[in-house]
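Chemist: Mind folding the following:
(2 chains)
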Amino acid sequence: MSAIAARVARAPRPDLTGAAASWLALFTLAVVASILSSDFLDKQNLLNIGRQAAPLAVVSLGQTIVILCGGIDVSVGAVMSLTTVVVSTEMNGDPSMVIPAVLLVLVLGAAIGIVNGFLVARVGTDPFVTTLAAMLIISGAALVYTQGSPTNGLTPGFRQISEGEVLGIPASIFFAAGAFVFCWFILRRTVWGRTIYALGGNMRATFLSGRRTALVQASAYLAASLFAVVAGLLLAARIGTGAVSAGSGYELESIAAALIGGTAFGGGRGRISGTIAGVLILIVLFNLVNLLGLPSQLQQIVRGAVIVLGVAVYSRRAVTGS
Amino acid sequence: MILQVKDITKRFGVVRALEGVSLDVGRGEVHALVGENGAGKSTLTRIIGGAERADAGDISFEGSSQALSSPAAALAAGISIVYQHLNLSDELTVAGNLYLGREPRRALRGGVDDKAMRRAVTAWLDRLGAEFPADELVGRLSPSDRQLAEIARGLSHDPKLLIMDEPTASLAPVAAERVFAVLRELTAAGLAVIYITHELAHVFDLADRVTVLKDGRNALSAPIAEVDRGGLIEAMVGRAVEELFPPRTQQPDRAAAPALELRDLTLPGYFESVSFSIAPGEVVGLGGLVGSGRSRVARAIFGDPPERAADPLRGTVLVDGESFRPRGPRSAVKRGIGFVPEDRKAAGLVLGATVADNIALPQLERLASFGVLRRGAERAVAERETEALRIKTPGVDAEVGNLSGGNQQKVVLAKWLARGCRVLILDEPTPGVDVGAKAEIYLLVRKLADEGTAVLLISSDLPELLGLSDRVLVMSRGRIVAELEAEAATEESVMKAAFDGMETAPGLESAA
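Modeler: Numbers count the residues shown, from 1 in each chain, chains lettered A, B, ... in the order given. Take a look at the predicted model:
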């Protein structure tokens, strides 16, 4: 008994160490970056990092929800791509079409999330395979829809959601911050969020406690898709065009951000503050590759190395912590 | 003496797991090692098995202290360990598991000699009375059969010293008897056994000597003839436990409308025509062999059918006289039914979550307004229950996985006590729970019944079944074959009914 008491007393909230460690890593990285490149701490560069980080942050929040409940969603990148092409095509330069176009992509995203969720939670298909298939179907549909050519129908007003500034700060950062607060609230303060964590920790025990496991699990995929649509909107506004490959890569980066941030692969443990740190670590690394004038292909290698490092640190922590 | 352990001490950080512990085991001796969870039994076995090193003290096996430098060395020297937590791979056959890493080779091409392997394994399985073949996948075995396979693996190393950690925790009573018989044969031929258990009856059945550990120290070491049950319990808990089972202070009012009633409940392939009722305040025990369908009945009432059940549930369930269709745990919980499942780690708890989170899980809606949790209310409930149940935890924010087995089980109970229920179903409430915590759990069940809850108790632990129940029903092959009043029921009468049922009932072939 005393052994347990001593161990628990030392680490009252073990999952906090995950997120805290990620912030520490980010801070260290920022210090190193500012030494390597004098441009790093430049105000414009920092705002640029924020603008780049916003879409990834939003999609990673949704991804974290799915991973927390024991799943994974690799279709979010395709949903982002689809969002950019559909919203720019439907908007077609007409300011009065902005709101209908946004509503349309939200409905599309919701439909995709519901199908993913239904398949995983009710039919019982494997999350990775299911969302991988969804990714292929969505990418194919986007290609058919656009015939492959980029679409340039975004209105200048719409682009303000990323390019506009409030108090000198890019608007997209406010959207990402809003998404974070919303996500934090539903995960930490609601019955739904508590059920997400419990599901990821032990699905059967959660089911036998009378929770609506299938519904909550399915809704996690719905949430991930909707977050991906919002991320897609921010991305479209930033790059100024709709492209069928605009969101590719975001699926892996969002997973990487969640894992680097200390969320357990397999579910049950993790904090979205860690995910934000994970997002910033990735973006700062990419930024550093650019600032140092290294070949941009290096970003891929950096990306892979960071994922492995993050997962390795996480499993090391899991081993020593038990 | 084949094994001599002298004054060993082991610390983990500032925690003293063992403090000057000594233990001698002779050839042909069964040495029982007992103590509450956390007393140091597992640390001691890990040291003997070479998995840990003692900080101080001497330990020698067959006169040599070199034998125990690593698990491989210990195994080579003739020390084999059967673990409580199963260490078999689901995807391999029984034979493949038993010979994992030391498969017999074919003479010419060096491939695995499956035939020789199967033959050797079949011999051990037959000897242990196993009813499954050597080439069955382990993943398809029942918990009891897996345990038997684990024991077969321990024996297949042909050890000189066999260490068994709670070998019968998930073993059906008949299978346990068979294992004991084999152990007696082997010890007569010189095998030494260290037998760790919470089942005091087994200690007296099997052991020649017994050592009690308490808080990492020797509390007692004596030939079995010199101790009695009371003495053992006292040494373990450090106080006399007068009565493990609390007395019935109130008689249940059986004339009152039953809190739970089953009429001809049938789940084809699992159980048939099960009818009984439980009055408010009554504890009804459901006895019988593992696989007789007891757990299936309990899970059916709670709306948790087996995945492969082709046919729907037939018959009627009534809660407080009103018909209730068990559609799922959610509807059962809403109707006031609580369920403590058989396997607390797999089904009872979210181990990575906190004590407070687990306790709140069945009643999150009540602790929330418009879906938003009221954290104060949640904490208050958790604090009230941990205090009422005397759950030993550093706080309600501690992870449940870090608590001892007995305290984890109390958290499972706390989930339902906090919510409050009309009917509480307990499926094996105390496996792997030390005697002190057991007594407290029994007290709680009795208190709940006295407050009017109807309790359905499933237990393979016969003293528990008889000590706690007001009435005992015996199931065999998916049917209820006997109903015994508490005063009339004995361990013999329950087992007799269970076995008679096996022979006479027309019941179901496999009701696992």
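Chemist: Residues contacting stretch A:27-35, please?
Modeler: Contacts with stretch A:27-35, where a contact means Cβ atoms under 8 Å, 6 or more residues apart in numbering or on different chains, come from A:Phe40, A:Leu41, A:Ile281, A:Val284, A:Leu285, A:Asn287, A:Leu288, A:Leu291. (Glycine included, C-beta is placed from N, CA and C.)
Chemist: Tell me who's in contact with the spatially closest residue to A:Val216 that is not a sequence neighbour.
Modeler: Leaving out its chain neighbours, the residue that sits closest to A:Val216 by Cβ to Cβ, 6 or more residues apart in numbering or on different chains is A:Thr195, at 4.6 Å. Neighbour list for A:Thr195: A:Thr206, A:Arg211, A:Arg212, A:Thr213, A:Val216, B:Leu364 [criterion: Cβ under 8 Å, 6+ apart].
Chemist: Would you mind measuring from whatever residue of the stretch 151-300 of chain A ends up closest to chain B to B:Val333?
Modeler: Taking Cβ to the nearest Cβ, chain B has its nearest neighbour within the stretch 151-300 of chain A at A:Gly210, 3.2 Å off. A:Gly210 is 3 Å from B:Val333, where distance means Cβ to Cβ, to the nearest Å.
Chemist: Who has more neighbours out of these two?
Modeler: Neighbour tally, A:Gly210 and B:Val333, criterion other Cβ atoms under 10 Å in any protein chain shown: the higher count belongs to A:Gly210, 26 against 22.
Chemist: Now do the SS call for the more buried one.
Modeler: coil (DSSP: H, G, I helix; E, B strand; the rest coil).
Chemist: roughly how far apart are it and A:Thr190?
Modeler: Separation of A:Gly210 from A:Thr190 (Cβ to Cβ): 17 Å.
Chemist: One more: B:Pro280?
Modeler: On the measure of Cβ to Cβ, B:Pro280 and A:Thr190 end up 36 Å apart.
Chemist: Looking at the two, which one has more neighbours?
Modeler: B:Pro280 (20 against 17).
Chemist: wait, is that one part of a helix?
Modeler: No: residue state for B:Pro280 (three-state DSSP) corresponds to coil; a helix is not indicated.
Chemist: middle-most residue in chain B, spatially?
Modeler: Taking Cα atoms, centre = their mean as the criterion, B:Pro431 is the residue nearest the geometric centre of chain B, at 2.7 Å.
Chemist: Name the helix or strand for it, please.
Modeler: Mapping B:Pro431 onto the secondary structure by DSSP states H and E places it in no helix or strand at all.
Chemist: quick one, what contacts it?
Modeler: Each residue near B:Pro431 by Cβ under 8 Å, 6+ apart is listed here: B:Ala169, B:Ser170, B:Asp461.
Chemist: hmm, stretch B:449-460 in reach of chain A?
Modeler: No: shown here: stretch B:449-460 not in contact with chain A (Cβ under 8 Å from any Cβ of the partner chain), separated by at least 15.0 Å.
Chemist: buried sites along that stretch?
Modeler: B:Ala449, B:Gly452, B:Thr453, B:Ala454, B:Val455, B:Leu456, B:Leu457, B:Ile458, B:Ser459, B:Ser460 (16 or more other Cβ atoms under 10 Å in any protein chain shown).
Chemist: what's around the residue nearest to the fourth one when sequence neighbours are not counted, how many residues?
Modeler: With sequence-adjacent residues excluded and distances taken as Cβ to Cβ, 6+ apart, B:Ala454 is closest to B:Ala259, at 3.6 Å. Residue crowding around B:Ala259 was assessed by other Cβ under 10 Å; the count is 27.
Chemist: do the one 5 residues further on as well
Modeler: Applying other Cβ under 10 Å, we find 11 residues neighbouring B:Asp264.
Chemist: per-residue pLDDT, it?
Modeler: Looking at B:Asp264, its pLDDT reads 92.
Chemist: and it, what does it touch?
Modeler: Here B:Asp264 is in contact with B:Ser273, B:Val274, B:Ser275, B:Arg314, B:Gly315, B:Thr316 (criterion: Cβ under 8 Å, 6+ apart).
Chemist: Backbone dihedrals for it, both of them.
Modeler: Per-residue torsions, B:Asp264: phi 50, psi 40 (degrees, to the nearest 10).
Chemist: Quick check: it vs B:Lys345, distance?
Modeler: For B:Asp264, the distance to B:Lys345 equals 35 Å [Cβ to Cβ].
Chemist: Ok, A:Ile72 next?
Modeler: Distance from A:Ile72 to B:Lys345, by Cβ to Cβ: 24 Å.
Chemist: what about the two, which has more around it?
Modeler: The neighbour count for A:Ile72 versus B:Lys345, taken as other Cβ under 10 Å, is higher for A:Ile72 (24 against 15).
Chemist: In this structure that one contacts A:Phe128, no?
Modeler: Yes: in this structure, A:Ile72 is within contact of A:Phe128 by Cβ atoms under 8 Å, at 5.4 Å.
Chemist: what about the stretch 251-400 of chain B, any weak spots by pLDDT?
Modeler: Scanning the stretch 251-400 of chain B with the threshold set as pLDDT under 70 gives B:307-310.
Chemist: could you pull out the helices for it?
Modeler: Per DSSP state H, counting those that start in this stretch, the stretch 251-400 of chain B carries helices over the ranges B:294-301, B:329-334, B:355-360, B:375-388.
Chemist: Now render these as a markdown table, adding distance to chain A.
Modeler: Shown next, in a markdown table, are the helices of the stretch 251-400 of chain B (distance: least, Cβ to the nearest Cβ, whole Å):
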| stretch | distance to chain A |
| --- | --- |
| helix B:294-301 | 9 |
| helix B:329-334 | 3 |
| helix B:355-360 | 7 |
| helix B:375-388 | 8 |
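Chemist: Out of those, which one sits most buried?
Modeler: helix B:355-360 (a mean of 27; mean count of other Cβ atoms under 10 Å in any protein chain shown).
Chemist: And for that one, what's in contact with it?
Modeler: Residues contacting helix B:355-360 (Cβ under 8 Å, 6+ apart): A:194, A:197-198, B:349-350, B:367, B:378-379, B:381-382, B:385-386, B:391, B:393, B:395-400, B:403, B:411-412, B:414-415, B:418.
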